[in-house]
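# A predicted structure for the sequence below; I have some questions about it.
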Amino acid sequence: MPHDLSRYLSLFVAESGEHLEAFSSELVALERLVAAGAPAAESKPLVDSLFRHAHSVKGMSAAMQLTGLSALAHRAEDLVDLFRRDAATLDAAAIDVLLAAGDALVDLVDEAARGRSSPADPALLARLGDAVRRVKEGRSAGAPAGSAPGPTPAPEAPAAAPFAAAAPAALDPFREPSRAEPPAAPVAGPVAGPRAPRRLDVEVEIAAACPVPAVRAFLVVKKLTALGQVTSTVPTVDELKAGRIPGKRLQVTLDTAEGIDRVERSLSQISDLGPVKVTEVEAPAEPPPPPPAPREPVAAAETARTVRVRTEILDGFVDAVGELLLATARIREVGRALPQIHRPPLEEGVDRLHAIVKDLHDKVMAVRMTPLAVLTERLPRAARDVARKLGRQIEVEILGAEIELDRAILEELSDPLLHVLRNAVDHGIEAPHLRLLAGKAATGRIVVSARRDRDRVIVELSDDGKGMDPARLREAAVSRGAITAAQAAGLSDREALLLACLPGVSTADEVTDVSGRGVGLDAVKRTVEAVGGVLELDSAPGVGTRIVLRLPLTVAVQPVLLVGVGDEVVGLPIAKVHGAAQVRFGDLDRSQGGPLLAYDGELVPVHDLALLLGFAPNRRDDRAVVVAEGADGRIGLAVDALLGQQEAVLKPLGTPLSGVAGLSAVTVLGNGRPIFILDVLRLLAA
């Protein structure tokens, strides 16, 4: 590759990857339409989009002088172009060869990313050429004798590639000559205009535990501004910037074309919010606006400007903001040593500094937040490939793909989510004839859904297959020596299902190259727990299986509750804490020798955190109990003291501490003291 083009390589790889990812997922969607016998008009938008993706990759690779990649993309474009002219010629064989071409293009882009320009596979080029000839011959054979060929529609101009704006037009190597398009034909009937704006009254209550309510309210206003025009706020924006929000309540009047559901869904992505009420109100009648005064032309790019940033730079921003939070806590700690008369000005300044740093952190994290669709877009294709290999019929439905997670968590989830899906196809979904004998539809159904729950994201993957048998899992675990027969007999069915997450435990009837060796779910569980999440299994024989991943929104900065245990201080993630109470141990109810705390209408088992950590037990009768999430409901942790809440910059544990059960991360207090953040579920399971 010429040196003057190498500077465009990273942009080319990123843009090509996005086009090819969409190319693959849209082919799978097109295959479903063809299999269902959908009319040609319904598949035309997908075919047009496929053509644009292939055309864009062809043009970009030609500009980068990647001849092999360009030749393959050009051959795929030729085949898709035939379907644009006559969608009725679409068939499964053509989609198969296009999927193979898409995979080969991805491999060639990966080669280009390493600085190599590899030739296209001659056999694949021949397959594409044969498919083109077959479609052309089939069309000619089907045309009436003596009929003149219909007009060939002009190919569409490719969608403007975002990275093409990175260089001026005269220097842009990816720019292709624009193609002339025929003038648009007149459209009969009325033309639908834009949706009429409506006026919404948005009332938001900031959560009581939010340390900077004014900053959170300002984020609400910014989010609503992206949906329409904010006409008024109470308190005003200036008051919010000054940190004033009486009663932690915000009222916003918004003129928008979006619906109430869209507004509520957008606000649900902001943490530390209490009740949100959105109602439509009647907009006051206004006189027609005067004609606009002439003004200087404004570049269209001002309305929507984007820039690509390397992930390493974003990671550096997060680390820098984390250090700022630690430095702010350190200043606050030093200020406590000053005489009382000098503290108020310093504390006011530190509070203001903390609000600014927290706002900066929220902005950086908003940039790092990535929709789950980045992972879920490839799942239908993966399920389709496995199903074809095993002779299964699969339908995959994705719900909540717009839910956002920290990019660092998404990167860790890529392989686990793919493995769980492959497991569902191989172990869960039965062969079509077995499903029919069981009274089910021949096509199995897998649903991948995501939703927000407080400061966590719940990702579920469920299937309607044969389910998992707890009895067989007990037998497999005992035969493998993972547990004893007595331990297996004492497990509930729900606990027995988690035996599938032990290394080497599998109930597969046969070992395939897809799954069945008993490896995988244990790695999935470890990965989910490593990012601060929890894996749950729920299954019923003959009905299906549901795997739930409870994940944090981010792993960089989290609020933690500091507690004292003996001479040590440890942290508990606030997202897993329900509340706390000061109790006398002698007054607690007991069951099987263990204390029970009456909390929120239920009896919660209480564990001594000192004993769980291997410290000497505290014999005091007056203790504090923290109510947190457990594997099977709420549990209580008896501690010596509650030391308050703090924003913690979490650092991963290195070897050998990463292998200690119950420890998930480490942070540094304002006084410079390092403390461990506990993983309550792993601590109880140890």
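Received it, and whenever you're ready, just let me know what you need.
# OK, contacts around Ile429?
The contact partners of Ile429, taken as CB atoms under 8 Å, 6 or more residues apart in numbering, are Ala387, Arg392, Ile394, Arg435, Gly444, Ile446, Asp463, Asp464, Gly465. In this view, the C-beta of every residue, glycine as well, is placed from N, C-alpha and C.
# okay, those in JSON lines with pLDDT next?
Compiled in JSON lines, those are given as follows (pLDDT from 0 to 100):
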{"residue": "Ala387", "pLDDT": "90"}
{"residue": "Arg392", "pLDDT": "89"}
{"residue": "Ile394", "pLDDT": "89"}
{"residue": "Arg435", "pLDDT": "91"}
{"residue": "Gly444", "pLDDT": "91"}
{"residue": "Ile446", "pLDDT": "93"}
{"residue": "Asp463", "pLDDT": "93"}
{"residue": "Asp464", "pLDDT": "92"}
{"residue": "Gly465", "pLDDT": "91"}
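# of these, buried ones?
Ala387, Arg392, Ile394, Arg435, Gly444, Ile446, Asp463, Asp464, Gly465 (16 or more other CB atoms under 10 Å).
# Return the member of the residues you listed nearest to Asp238.
Comparing the buried ones among the contacts of Ile429 against Asp238 with CB to CB places Ile446 closest, at 51.0 Å.
# you'd agree that closest one is in a strand?
Yes: counting by DSSP: H, G, I helix; E, B strand; the rest coil, Ile446 is part of a strand.
# and the helix or strand hosting Leu240, what's its mean pLDDT?
Per DSSP states H and E: Leu240 is located in helix 237-241. Averaging pLDDT along helix 237-241 yields 78.
# Just the buried ones among the contacts of Ile429: which are in helices?
Using DSSP state H to define helices, the subset of the buried ones among the contacts of Ile429 located there is Ala387, Arg435.
# Redo the contacts of Ile429 as TSV? Include distance to Lys222.
As requested, those are exported to TSV (distance: CB to CB, whole Å):
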residue	distance to Lys222
Ala387	44
Arg392	47
Ile394	41
Arg435	50
Gly444	44
Ile446	37
Asp463	40
Asp464	42
Gly465	45
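# Can you tell me which of those residues is closest to Pro213?
In terms of CB to CB, no member of the contacts of Ile429 lies closer to Pro213 than Ile446, at 41.7 Å.
# OK, contacts around the closest one?
By CB under 8 Å, 6+ apart, Ile446 lies in contact with 383, 394-397, 421, 424-425, 428-429, 461-463.
# How about Leu33?
For Leu33, counting by CB under 8 Å, 6+ apart, the contacting residues are Glu42, Ser43, Leu46.
# Quick check on the residues you listed: which are buried?
Of the contacts of Leu33, these count as buried by 16+ other CB under 10 Å: Ser43, Leu46.
# tell me which residues form a beta bridge with Leu537?
Here Leu537 sits in beta bridges with Ile547, going by DSSP bridges.
# ok, it touching Thr545?
Yes: Leu537 is within contact range of Thr545, at 7.3 Å (criterion: CB atoms under 8 Å).
# distance between stretch 111-123 and the chain's centre?
Distance, stretch centre to chain centre, for stretch 111-123: 31 Å (CA atoms, centre = their mean, to the nearest Å).
# Kindly report the same for stretch 54-68.
For stretch 54-68 - counting by CA atoms, centre = their mean - the centre lies 31 Å from the chain centre.
# residues of that stretch that come out buried?
For stretch 54-68, the neighbour count (16+ other CB under 10 Å) marks 54-64, 66, 68 as buried.
# Got phi/psi on the most centrally placed residue in the chain?
Nearest to the mean C-alpha position of the chain, by CA atoms, centre = their mean, lies Leu372 at 2.6 Å. Backbone torsions of Leu372, given as degrees, to the nearest 10, read phi -60, psi -20.
# Ok, the one 5 residues further on next?
Main-chain torsions, Glu377, degrees, to the nearest 10: phi -60, psi -30.
# Check whether it really touches Phe23, as I assumed.
No: in this structure, Glu377 is not within contact of Phe23 by CB under 8 Å, at 11.0 Å.
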